[in-house]
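[1] this one's sequence-less:
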């Protein structure tokens, strides 16, 4: 589990640095004029912005975009922060209510509330990240008038804001549930964080791919929106995958999100009856492929995304 989590952290750290590459292309001539030895922060801040190194420019852009996105996400409207918290909590509560009405107390050997919370919160981390990344370019077209801001910067920062907000919300839900006796404390905290990280990485990669498709082919946005509901059904959020017989269960396990959801439940309870096909290495491989395709598409269609 620790090795898998370290791989996830390395992916999450490497992806932003891959996005620095566009900053470096336009800054090669400028970088040559900057001294090769590191400058103190005070002297660096006195340099003209045009003489900053690529990584300095990228960090400055990411910081400004992060503060902007966080303010808009939480205070963009009077009830923005309320909806930010209420949506995942409401989705968990109505499913718990439905399962309580039909008197299902345990699923796979763990409490129903815990089983539903893990599945729904991991899936919402994925879905919200996809949505924010997919709409990131269209919502920030005006910022591309600044040469330092690239489409990849916007989507990476939006994904980071969404991932952090879902991490805080999910942690609060699990903490309150454990304090009230509705669910158990996680046995493997790393395993739970790993599952959420894999879902976030898959959401980032798929969101970048969908974002390019939606900008180049506007009609594709309707099809993309339609896919999310079936995806929730086949990922094990509402229906245990153990009840699906072979070979159909094997087909469903090609979905990396199903592995992340099952891993999150296993992190809370080692005695959970997870599917035998659970393999987080496969989920990491899918996340890596999605991230590579997403970054490649953003790099290939960078000018069209800005001018579209």
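    Looks like it came in fine. Here the structure is a predicted model, which is why all the values come from computation and not from measurement. Numbering: from 1, shown residues only.
[2] which residues in the stretch 151-300 of the chain form strands?
    Counting by DSSP state E, counting those that start in this stretch, one finds no strands in the stretch 151-300 of the chain.
[3] Where does pLDDT dip in it?
    For the stretch 151-300 of the chain, no stretch is flagged by pLDDT under 70.
[4] list the contacts for the nearest residue to residue 286 once chain neighbours are set aside?
    Counting by CB to CB, 6 or more residues apart in numbering, residue 286 lies nearest to residue 256, which is 3.8 Å off, once chain neighbours are set aside. In this view, the C-beta of every residue, glycine as well, is placed from N, C-alpha and C. For residue 256, the contacting residues are 198, 202, 282-283, 286-287, by CB atoms under 8 Å, 6 or more residues apart in numbering.
[5] same thing but 7 Å
    Going by CB atoms under 7 Å, 6 or more residues apart in numbering, residue 256 touches 202, 282-283, 286-287.
[6] now residue 124
    88, 91, 166.
[7] picking up where we left off before, state the distance from the residue nearest to residue 286 to residue 194.
    13 Å (CB to CB, to the nearest Å).
[8] Out of the contacts of residue 124, which is nearest to residue 115?
    Of all the contacts of residue 124, the one with the least separation from residue 115 (CB to CB) is residue 91, at 14.0 Å.
[9] tell me which element that closest one falls in.
    helix 80-101 (DSSP states H and E).
[10] Is residue 77 in a helix, a strand, or coil?
    Per DSSP: H, G, I helix; E, B strand; the rest coil, the local secondary structure of residue 77 is coil.
[11] okay, now it: neighbour count?
    10 (other CB atoms under 10 Å).
[12] Quick check: phi and psi at it.
    phi -150, psi 180 (degrees, to the nearest 10).
[13] Per-residue pLDDT of it, please?
    Residue 77 is assigned a pLDDT of 71 by the prediction.
[14] Same question for residue 45.
    At residue 45, pLDDT is 47.
[15] before we move on, what about residue 15?
    pLDDT recorded at residue 15 is 52.
[16] How about residue 88?
    84.
[17] Please report how far the nearest residue to it once chain neighbours are set aside lies from residue 270.
    In space, and not counting its chain neighbours, residue 88 is closest to residue 124: 4.9 Å by CB to CB, 6+ apart. Residue 124 sits 24 Å away from residue 270, taking CB to CB as the criterion.
[18] Any idea how many residues pack against residue 253?
    21.
[19] now swap in residue 251 and tell me
    Around residue 251 there are 11 residues (other CB under 10 Å).
[20] Okay, buried residues for the helix holding residue 91 please.
    84, 88-89, 91-93, 95-96, 99 (16 or more other CB atoms under 10 Å).
[21] Where do the helices of the stretch 51-200 of the chain begin and end?
    54-75, 80-101, 112-134, 136-139, 151-179, 189-216 (DSSP state H, counting those that start in this stretch).
[22] Pipe these into a markdown table and attach distance to residue 222 per row.
    A markdown table is the format used below for the helices of the stretch 51-200 of the chain (distance: least, CB to CB, whole Å):
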| stretch | distance to residue 222 |
| --- | --- |
| helix 54-75 | 25 |
| helix 80-101 | 22 |
| helix 112-134 | 13 |
| helix 136-139 | 15 |
| helix 151-179 | 21 |
| helix 189-216 | 10 |
